[in-house]
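*Asks:* Dropping a prediction and its sequence here:
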Amino acid sequence: MNDAHMPKVLRLLMELRRLGITDARTLGAIERVARDAFVPAAFKDQAWENVALPIGHAQTISQPLVVALMTQALEVGDRHKVLEIGSGSGYQTAVLAKLCRRVFTMERHRSLLKDAERRFAELKLHNVTTRFGDGTKGWPEQAPFDRIIVTAAAPELPAVLCDSLAEGGILVAPVGEERRDQQLVRVIRRAGTLVTEDLGTVRFVPLVVGLPRGARPPADAK
């Protein structure tokens, strides 16, 4: 972390605490991941503010509060295997990588994924595995997952993702229609049953089925 950024980082951490983020591991991961490495050059001066920022392809890097809230709700342990649907800039991925054994992250925009992979390499995050593909299909050959996070909103949770959740596992995702307030939900698999909790109102880009027009599916796509 650049020492010159520390006042901005500490100010953000204080704001997150004030807004209800209490988990020390989550706050520690956010402190250790340089958010300015994940935003376009034009927005570097806003990197440590509690705001979402555009990253291209009509996508955003999420507001730090939302990243912290979803991470805290996941209750990630250092032995957990995590699936992330929607790599985006890679910022949420990097935060999770500080907390778990391995993150498997999927992204449907190839150029965003390439940029994220470059950042992971620069930050020496060796416990991240990436895939270009349709996140609504999950990553069945790696299932089950201890934790699943979805960073785009669907009208309802994709069944394949719920089926990929291990016993005792937690899934956190926004659910709701595009351009409306969505609900952030936490789903826990207990004794084979899915128990859902409402964590509040959020606003995310939509979870889109399929790949962008003209994109070739990965060679191992089923």
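*Replies:* Noted; the coordinates are in hand. Note that this is a predicted model, so its numbers are computed, not measured. Numbering: from 1, shown residues only.

*Asks:* Leaving out chain neighbours, which residue sits closest to the residue nearest the centre of the chain?
*Replies:* The centroid of the chain falls nearest to Gln92 when counting by Cα atoms, centre = their mean (4.2 Å). What sits nearest to Gln92 in space, not counting adjacent residues and going by Cβ to Cβ, 6 or more residues apart in numbering, is Val67, at 5.3 Å. Just so you know, the C-beta spots here come from the backbone N, C-alpha and C atoms, and that holds for glycine as well.

*Asks:* Give the other helices and strands that the host helix or strand of that neighbour contacts.
*Replies:* In the assignment (DSSP states H and E), Val67 maps to helix 64-74. Packed against helix 64-74 by the contact rule (3 or more Cβ pairs under 8 Å, 6 or more residues apart in numbering; DSSP states H and E) you find helix 6-18, helix 24-32, helix 91-97, strand 145-150, strand 165-175, strand 182-190, strand 193-202.

*Asks:* right, and the helix or strand after it?
*Replies:* Helix 64-74 is succeeded, C-terminally, by strand 81-85 (DSSP H and E).

*Asks:* Could you spell out the sheet neighbours of that next one, each with its direction?
*Replies:* strand 102-107 (parallel), strand 145-150 (parallel) (DSSP bridges).

*Asks:* closest one to Val172 among these?
*Replies:* Val172 lies closest to strand 145-150 among the strands paired with strand 81-85, at 5.3 Å (Cβ to Cβ).

*Asks:* any idea of the mean pLDDT in the closest one?
*Replies:* Averaged across strand 145-150, pLDDT comes to 98.

*Asks:* re earlier: check whether the residue nearest to Gln92 really touches Ala29, as I assumed.
*Replies:* No: between Val67 and Ala29 there is no contact under Cβ atoms under 8 Å: 9.4 Å.

*Asks:* Looking at the two, which is more packed in?
*Replies:* Shown here are Val67 and Ala29; by other Cβ atoms under 10 Å, Val67 has more neighbours (26 against 21).

*Asks:* give the contact list for that one.
*Replies:* Val67 is in contact with 30, 91-92, 95, counting by Cβ atoms under 8 Å, 6 or more residues apart in numbering.

*Asks:* same thing with Asp163?
*Replies:* 138, 143.

*Asks:* The same query, at a cut-off of 10 Å, please.
*Replies:* 138, 140, 143-144, 189, 194 (Cβ atoms under 10 Å, 6 or more residues apart in numbering).

*Asks:* Read off the pLDDT value for the residue nearest to Gln92.
*Replies:* With respect to pLDDT, Val67 has a value of 97.

*Asks:* Among the contacts of Asp163, which one lies nearest to Thr60?
*Replies:* When the contacts of Asp163 are compared against Thr60 (criterion: Cβ to Cβ), the nearest one is Gly138, at 23.1 Å.

*Asks:* Give me the nearest residue to the closest one, chain neighbours excluded.
*Replies:* Val160 (4.4 Å).

*Asks:* If we ignore the residues flanking it in sequence, what's nearest Val66?
*Replies:* Of all residues not flanking Val66 in the chain, Val202 sits nearest, at 6.3 Å (Cβ to Cβ, 6+ apart).

*Asks:* Check the spacing between the one you found and Pro7 real quick.
*Replies:* 28 Å (Cβ to Cβ, to the nearest Å).

*Asks:* From Leu16, how far out is the residue nearest to Gln92?
*Replies:* Distance, Val67 to Leu16, using Cβ to Cβ: 9 Å.

*Asks:* again, but for Ala153
*Replies:* According to Cβ to Cβ, Ala153 and Leu16 sit 22 Å apart.
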